[in-house]
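1. what shape does this take:
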Amino acid sequence: MELTPAMERYVLHWGEMGTRWGVNRSVAQIHALLYLSPAPMQAETIAETLGIARSNVSTSLKELQSWDLISRVHVMGDRRDHFSAVTDTWETLTLIVEGRKRREIDPTLTMLRDVVLEARADGRTPGEVRARLEDMLGFMETLADWYQQVRKLPRKTLISLVKMGAKVSRMVAR
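-> Below you'll find the predicted structure:
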């Protein structure tokens, strides 16, 4: 696959942004390439196009599959695996948010619940510290509850809500 200058710029920028989001640069670049690709791609073609090692491509593809951002596709007459990305941007956002919640928020909630119970029971944790821990737990539970409500919204409603932006605050104030 030959990249145009615009495609190359997008792939490189997505890789750079990936590092800022805590994602390996190669993973983000492969995701960007597959997102742009009009047809499923083989790992070898991905490696050649991006100029990265085949082993790095394999590891990155597994990572992207674990997030459900790409899928393995079989092409008639070709025994090799091909890969394609989810191209619906709202679905991609949903998958990333759900993955981050599962990997980051859920374990944090579990830890906070345990720590709050421990702090209440030990008798040595100062009241001010215990209050801060309980406040953090309450905050994280509120975010998790909000997320559960928002993820159940029909897509059309969610898009409208996002597009409303600050107008929502005026409606809530009424």
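
2. please make it C-alpha for all contacts and neighbour counts, starting now.
-> Noted.

3. and the gap between residue 135 and residue 142?
-> 10 Å (Cα to Cα, to the nearest Å).

4. so which residue is smack in the middle of this protein?
-> By Cα atoms, centre = their mean, the mean C-alpha position of the chain lies nearest to residue 96, the distance being 2.3 Å.

5. what residues sit buried inside the strand or helix carrying that residue?
-> Taking DSSP states H and E as the definition, one finds residue 96 inside helix 89-100. By neighbour count on 16 or more other Cα atoms under 10 Å, the buried set for helix 89-100 is 92, 95, 98.

6. what is the mean pLDDT for the helix or strand where residue 83 lies?
-> Following DSSP H and E, one finds residue 83 within strand 78-85. The average pLDDT for strand 78-85 rounds to 94.

7. run the chain-centre distance for it.
-> Strand 78-85 has its C-alpha centroid displaced from the chain centroid by 23 Å (Cα atoms, centre = their mean, to the nearest Å).

8. and the contacts of that strand?
-> With contacts defined as Cα atoms under 8 Å, 6 or more residues apart in numbering, strand 78-85 is touched by 31, 34-35, 37, 39-43, 69-75.

9. where are the low-confidence patches of the chain?
-> By pLDDT under 70, the chain has no low-scoring segment.

10. contacts for the longest helix anywhere in the chain?
-> Ranked by number of residues, the top helix in the chain under DSSP state H is helix 127-151. When contacts are defined by Cα under 8 Å, 6+ apart, helix 127-151 is touched by residues 94, 105, 109, 112, 113, 115, 116, 119, 120, 158.

11. where's the fourth one relative to residue 141, distance?
-> In this structure, residue 112 lies at 10 Å from residue 141, with Cα to Cα as the measure.

12. again, but for the fifth one
-> As for residue 113, its distance to residue 141 is 10 Å (criterion: Cα to Cα).
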